[in-house]
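Trainee: Provide a 3D model corresponding to the input given below.
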Amino acid sequence: MYLTYYFEGEEGGEIVIESKDYHEIKNPTFAPEVDLYALSLPVNEFTLDVITEDDFEVYNPVELYDDMNGLWASFRIKSADRIQPGVVRLTADTWISNLENATMEPVMYEEEPVSDVLDDILVAAFGVADGRYELDNSFDEATVTGFCPEQSARDRLTWVLFAIGGMVQQSFVSKVQIVPIDDTVSVIPYNRTFYRPEITSGEWVTAVRVTSFAFSEATSQEEWESDDSSYRFPMPWVCVEQAFVLSNNDAPEGVPENVVDISELYLINADNVNDILNRLAAYYFNRTEVSLDCVNNRQFLPGDKVTASMAEDALITGYITQASFAFGVQARSTLKLIGVEDTTGATLIINYLYNNGRIGQAKYFLPVGYTYAIQNPFIDRTYQGRRFVYAPLTESVTGTMSSGTNTVDVNYGVALECYQDNLIVYSVDWVSLQSGTSIAVID
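Mentor: Here you go, the predicted model:
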């Protein structure tokens with residue numbers, strides 16, 4: 001049984017269950033998140049109320065779409081409670097939540113392919129490795145080396161993600177994705193942002209310290225046994241530990257020492273310790289976080305790196321870790337950005353010209369070095385009782401932002417002219433006559 005919900009307004013929409021439609025839907029809530037640095041493993045979920053006398057079965061699949069057939073979530077029903085006659089409150093989440101209930105035995109990995117370790121986690125939680133996830137091809141050659149103690153399957157997955165530099169994308173995909181952090185930057189337009197964004201700053205972290213482990217087989221009982229006769233690692237493994245420290249040179253003099261210490265995650269080794277140090281520094285040393293509201297119809301998602309406007313001429317760049325959505329004619333979201341840094345911007349002025357005269361202008365403030373592609377609009381103007389519709393001679397303007405002021409001129413031609421109910425057609429895609437009225441269409 002598949003349940004599909006189409007967002008079509010603040011309240012209302014459509015649910016389809018085995019070809020049966022449910023049109024009365026209320027109170028959708030959806031706040032997907034990711035942990036880019038695998039310090040935790042959040043579970044994504046959504047909740048909504050369905051106006052129906054029907055019942056829904058737990059663990060059946062659920063899919064959320066918008067009215068443009070864009071996928072928002074492919075989850076499974078977590079609970080379906082009748083909160084009053086004719087109303088079912090539906091909560092759905094991903095299979096990640098099941099991992100907490102499965103316990104995995106201690107294991108020593110020696111260059112174990114990541115895909116095999118992930119399959120072991122699924123077997124522990126569900127009894128089979130049935131392809132509930134997709135692994136990004138950048139991890140095709142990745143391996144896991146080191147020791148894992150007895151732990152939940154959820155902790156095991158968190159450790160593996162931490163070791164390889166991966167994150168879990170649960171929303172906006174048909175299957176859970178394990179992907180790397182993507183440094184590609186998207187720009188949230190100034191005119192899609194609600195003001196003012198809120199800025200918070202955490203405590204200064206003065207350094208990160210990470211312990212690396214190198215395992216080898218013991219040659220004697222004495223070598224394996226520790227001073228207090230306990231055994232830290234299973235027979236016959238012993239290890240050599242080495243601490244690596246990366247200091248925060250931007251921390252002001254006099255701030256109290258505050259060191260983040262990762263000392264008991266045994267999948268850290270000489271091959272990945274430097275990458276881990278750099279990832280932790282990127283997270284802890286950039287202590288600024290921003291919360292902002294914007295129009296967001298699936299363009300800006302958790303895990304994305306974005307540049308946003310703090311003011312008309314001030315930009316910041318950071319990673320989205322959570323997007324709390326509110327639904328109406330367009331979706332709106334509150335984005336939480338971490339690792340935020342100021343971004344140098346420049347002005348882009350686009351002049352719209354007809355016969356060397358300016359008929360319009362647009363201004364943007366964009367990051368220096370940003371490659372832009374902006375569609376040119378049609379322009380409607382009336383002069384001395386004559387109405388003109390101007391069409392751009394080029395569909396869009398493209399370029400790369402330089403510092404200072406960037407100016408681009410776009411030439412236009414007349415597509416339509418209207419005077420005293422007379423329509424003169426110069427350049428349109430097609431014309432239709434309906435009930436005695438001419439309709440000219442420019443695609």
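Trainee: contacts and neighbour counts: CA atoms only from here.
Mentor: Fine.
Trainee: where does pLDDT dip in the stretch 301-443 of the chain?
Mentor: Residue ranges of the stretch 301-443 of the chain with pLDDT under 70: 427-443.
Trainee: strands along that one, start to end?
Mentor: For the stretch 301-443 of the chain, the strands defined by DSSP state E, counting those that start in this stretch cover 305-311, 314-326, 332-343, 345-354, 357-367, 371-375, 379-383, 386-392, 396-400, 405-419, 422-425, 430-434, 437-441.
Trainee: direction-wise, compare the third one with strand 305-311 and give the angle.
Mentor: Same thing as strand 332-343. Strand 332-343 runs at 90 degrees relative to strand 305-311, counting by axes from the mean of the first three to the mean of the last three C-alpha atoms, to 10 degrees.
Trainee: by how many degrees do strand 332-343 and strand 314-326 diverge?
Mentor: Between the axes of strand 332-343 and strand 314-326, defined by the same axes, to 10 degrees, the angle is 160 degrees.
Trainee: returning to what we had before: and the strands of the stretch 301-443 of the chain as TSV, adding mean neighbour count and distance to Ile83?
Mentor: TSV is the format used below for those (neighbours: other C-alpha atoms under 10 Å; distance: least, C-alpha to C-alpha, whole Å):
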stretch	mean neighbour count	distance to Ile83
strand 305-311	22	39
strand 314-326	22	22
strand 332-343	21	27
strand 345-354	19	51
strand 357-367	17	49
strand 371-375	12	48
strand 379-383	12	52
strand 386-392	19	55
strand 396-400	13	52
strand 405-419	17	58
strand 422-425	14	59
strand 430-434	10	51
strand 437-441	12	50
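Trainee: do you know which of those strands lies nearest Asn278?
Mentor: Counting by C-alpha to C-alpha, Asn278 lies closest to strand 332-343 out of the strands of the stretch 301-443 of the chain; the figure is 12.7 Å.
Trainee: quick one: the helices in the stretch 151-300 of the chain?
Mentor: Ranges of helices in the stretch 151-300 of the chain, per DSSP state H, counting those that start in this stretch, are 153-164, 221-224, 273-284.
Trainee: I'd like the mean pLDDT over the shortest one, please.
Mentor: Helix 221-224 carries an average pLDDT of 65.
Trainee: what sits against Pro106?
Mentor: Going by C-alpha atoms under 8 Å, 6 or more residues apart in numbering, Pro106 touches Phe147, Cys148, Pro149, Glu150, Gln151.
Trainee: redo that, cut-off 6 Å
Mentor: By C-alpha atoms under 6 Å, 6 or more residues apart in numbering, the residues touching Pro106 are Cys148, Pro149, Glu150.
Trainee: quick one, what contacts the residue sitting nearest the centre point of the chain?
Mentor: By C-alpha atoms, centre = their mean, the chain has its centre lying nearest to Pro302, at 2.2 Å. If you count contacts by C-alpha under 6 Å, 6+ apart, Pro302 has them with Glu33, Val34, Ile320, Thr321, Gln322.
Trainee: including distance to Arg196, could those residues go into TSV?
Mentor: Output for the contacts of Pro302, formatted as TSV (distance: C-alpha to C-alpha, whole Å):
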residue	distance to Arg196
Glu33	22
Val34	24
Ile320	17
Thr321	19
Gln322	18
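Trainee: closest to Val185 out of the residues you listed?
Mentor: For the contacts of Pro302, the closest approach to Val185 (C-alpha to C-alpha) belongs to Ile320, at 11.1 Å.
Trainee: surely the closest one and Leu337 touch.
Mentor: Yes: with contacts counted by C-alpha atoms under 6 Å, Ile320 reaches Leu337, the gap being 4.6 Å.
Trainee: among the contacts of Pro106, which are located in strands?
Mentor: Counting by DSSP state E, the contacts of Pro106 place Cys148 in strands.
Trainee: which one of the contacts of Pro106 has the most neighbours?
Mentor: Of all these, Cys148 has the most neighbours under the rule other C-alpha atoms under 10 Å, reaching 20 neighbours.
Trainee: who's in contact with that one?
Mentor: Applying C-alpha under 6 Å, 6+ apart, the residues near Cys148 are Pro106, Val107.
Trainee: and if we set it to 8 Å?
Mentor: Pro106, Val107, Met108, Arg156, Tyr266, Leu267 are the contacts of Cys148 under C-alpha under 8 Å, 6+ apart.
Trainee: one more: Gly369?
Mentor: Neighbouring residues of Gly369 by C-alpha under 8 Å, 6+ apart: Thr400, Met401, Ser402.
Trainee: what about 10 Å?
Mentor: Thr344, Gly345, Ala346, Gly399, Thr400, Met401, Ser402, Ser403 (C-alpha atoms under 10 Å, 6 or more residues apart in numbering).
Trainee: help me confirm that Glu100 comes into contact with Thr158.
Mentor: No: at 11.2 Å, Glu100 does not count as touching Thr158 under the criterion of C-alpha atoms under 10 Å.
Trainee: common neighbours of the two, please.
Mentor: Between them, Glu100 and Thr158 share the contacting residues Ser152, judged by C-alpha under 10 Å, 6+ apart.
Trainee: more neighbours, these two?
Mentor: Between Glu100 and Thr158, Thr158 has the larger neighbour count (other C-alpha under 10 Å), namely 20 against 14.
Trainee: how about that one: what's its closest non-neighbour residue?
Mentor: Ala38 (5.8 Å; C-alpha to C-alpha, 6 or more residues apart in numbering).
Trainee: then that neighbour would be within a helix, right?
Mentor: No: using DSSP: H, G, I helix; E, B strand; the rest coil, the secondary structure at Ala38 is coil, not a helix.
Trainee: for it, what are its contacts?
Mentor: Ala38 is in contact with Leu157, Thr158, Trp159, Val160, Leu161, Phe162, Ala163, Ile164, Gly165, Gly166, Met167, Val168, counting by C-alpha under 10 Å, 6+ apart.
Trainee: let me have those residues in a markdown table, extended by pLDDT.
Mentor: Output for these, formatted as a markdown table (pLDDT from 0 to 100):
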| residue | pLDDT |
| --- | --- |
| Leu157 | 98 |
| Thr158 | 97 |
| Trp159 | 98 |
| Val160 | 98 |
| Leu161 | 97 |
| Phe162 | 97 |
| Ala163 | 97 |
| Ile164 | 97 |
| Gly165 | 96 |
| Gly166 | 96 |
| Met167 | 96 |
| Val168 | 97 |
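Trainee: which of those sit farthest apart?
Mentor: Longest span within the contacts of Ala38, C-alpha to C-alpha: Ala163 and Val168, 13.5 Å.
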